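Asks: need a 3D model of the following:
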Amino acid sequence: MTMAKRRRVGTVGLAAAAILLATAFTGHAREPRETTPAAADHQATQRAVDAAVAGGVPGIAIEARDANGVWKSAAGVGNTSTGAPRGKNDRFRVGGITNTFVATVLLQMEAENKLRLDDTVDRYLPGLVTGNGNDGRAITVRQLLNHTSGLFDFFADPAYGQTYLMGDGYLQHRYDVVTPEQRVRVGLAHPPLFTPGARHSYSNTNDVLAALVLQKVAGRPYETEVRKRIIEPLGLTETSNPGNSVRLPQPSSRGYSKLFAAQPDRIDDVTEVSGSQSWGGGDIISSVGDLNRFYGALMRGRLLPPQQLTAMKTTVDNPDFPGSSYGLGIERLTMGCGTTLWYHDGGAVGWLSLAAFTEDGRHQLTFNYNSNWGAEHIFPILNAEYCDTPAG
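Replies: Below is the predicted model:
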């Protein structure tokens, strides 16, 4: 779910958890020390976080890693009913950040000659992508990963949004088990937006299909493959897939959303939801620390051979978000101060996350809101860390 796409729906009700962050933007290096440097190193970032909380975000967990070590902080509340503070080590639903995990595994499989990025989707999922002008024989795995397939985003389907993302529909159906094939069929009920390869347009339908391809090639659940290839080797003890569970592992905070467009001041606790509803494209649960460890290892070449890491960083222009371009599971952005970052955002009903990192993996920043509003504060936090705060 890219930021620019989310801009078009707005923040009230967040009609498709697909639009959650839009307003935010117009030899291995040594591992960071597990120490907390002087708070002054990240004072500008802390001020930006505090401003976001003052502006209405319930709570924020944040961690930066750079040459000085690890700086971790939290602000605001994790439970608006009890007043319990937001925790620095909270687990949360990472949303679209799941895509980087899927892309990494598929690229590992390519390095092992188990698949090719330019194979068609139909080769692995025969007959699934068909109807209404959609054709899996004309779409490649690469086009799923860089979102140039043209497939309609099932999150943008009005009936799906009313049932699973907004208002009474969300509250009544949050515990429903929904299969990946059901979600793909919603997308395929619409004609494609354009000919495959013509341009970039983010679609959650691509994400689910990519995970289905991964699972087909692996011959075992996608969750197992992610755990064996990434979570366990990197020691990401705070990262997991929920399956059909509706709960978050502890420690965690509550997640909040404004589900009703006609009641903009109403806030609902949306912490519990079936993990099946975001399978493959947004289901992973993690922490700010684990996400920094993951992206740091990825960018320093610990997870992919050079050829595959280069492929991941080969981007296509994102016409919906000037200044940004999309690779395979990661995006590139040049900040106003001239700093070029790689990043991925993640939105889920009740949660907003952003992981941003330099190309050499030496400076990482991940933060999470326990709400899906307040996206206008995201860019100031990012700017404070990478443009106003020394990297050390």
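Asks: where do the helices of this protein begin and end?
Replies: Along the chain, counting by DSSP state H, helices occupy 3-7, 43-54, 98-111, 121-124, 141-145, 158-164, 167-173, 180-188, 204-218, 222-226, 232-234, 288-299, 306-312, 378-383.
Asks: okay, stretch 241-253 in CSV with CA atoms only?
Replies: C-alpha atoms of stretch 241-253 as CSV (Å, rounded to 0.1, in the frame of the first residue of the first chain):
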residue,chain,number,x,y,z
ASN,A,241,2.5,-14.5,11.3
PRO,A,242,-0.9,-14.6,13.1
GLY,A,243,-2.7,-17.2,10.9
ASN,A,244,-6.4,-16.9,11.7
SER,A,245,-5.7,-15.6,15.2
VAL,A,246,-7.4,-12.3,16.1
ARG,A,247,-5.0,-11.3,18.9
LEU,A,248,-1.7,-9.6,19.2
PRO,A,249,1.2,-11.2,21.1
GLN,A,250,2.3,-9.3,24.2
PRO,A,251,3.6,-6.7,24.9
SER,A,252,1.3,-4.7,22.6
SER,A,253,-1.0,-1.7,22.7
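Asks: poorly predicted segments of this protein, please.
Replies: 1-40, 389-392 (pLDDT under 70).
Asks: again, only this time at 80
Replies: 1-40, 388-392 (pLDDT under 80).
Asks: run through the bridge partners of residue 61.
Replies: residue 74, residue 368 (DSSP bridges).
Asks: so it sits against residue 368, correct?
Replies: Yes. If you go by C-beta atoms under 8 Å, residue 61 and residue 368 touch, sitting 5.1 Å apart. Every C-beta, even on glycine, is put in place using the N, C-alpha and C of the backbone.
Asks: overlap in contacts of those two?
Replies: By C-beta atoms under 8 Å, 6 or more residues apart in numbering, residue 61 and residue 368 have these common neighbours: 90, 92, 288.
Asks: who wins for most neighbours among those?
Replies: residue 288 (30 neighbours; other C-beta atoms under 10 Å).
Asks: so who does it touch?
Replies: Per C-beta under 8 Å, 6+ apart, neighbours of residue 288: 61-63, 72, 88, 366-368.
Asks: hmm, 6 Å instead?
Replies: Shown in contact with residue 288 (C-beta atoms under 6 Å, 6 or more residues apart in numbering): 61, 63, 366.
Asks: again, but for residue 169
Replies: So residue 169 contacts 162-163 (C-beta under 6 Å, 6+ apart).
Asks: how close does it get to residue 158?
Replies: 11 Å (C-beta to C-beta, to the nearest Å).
Asks: also residue 286?
Replies: Residue 286 is 31 Å from residue 158, by C-beta to C-beta.
Asks: wait, doesn't residue 107 sit right on residue 303?
Replies: No. Residue 107 is beyond contact range of residue 303, at 8.5 Å (criterion: C-beta atoms under 6 Å).
Asks: what about the closest residue to residue 273 other than its chain neighbours, how many residues nearby?
Replies: Spatial nearest neighbour of residue 273, excluding adjacent residues (C-beta to C-beta, 6 or more residues apart in numbering): residue 174 at 4.5 Å. Residues contacting residue 174 under the criterion other C-beta under 10 Å number 16.
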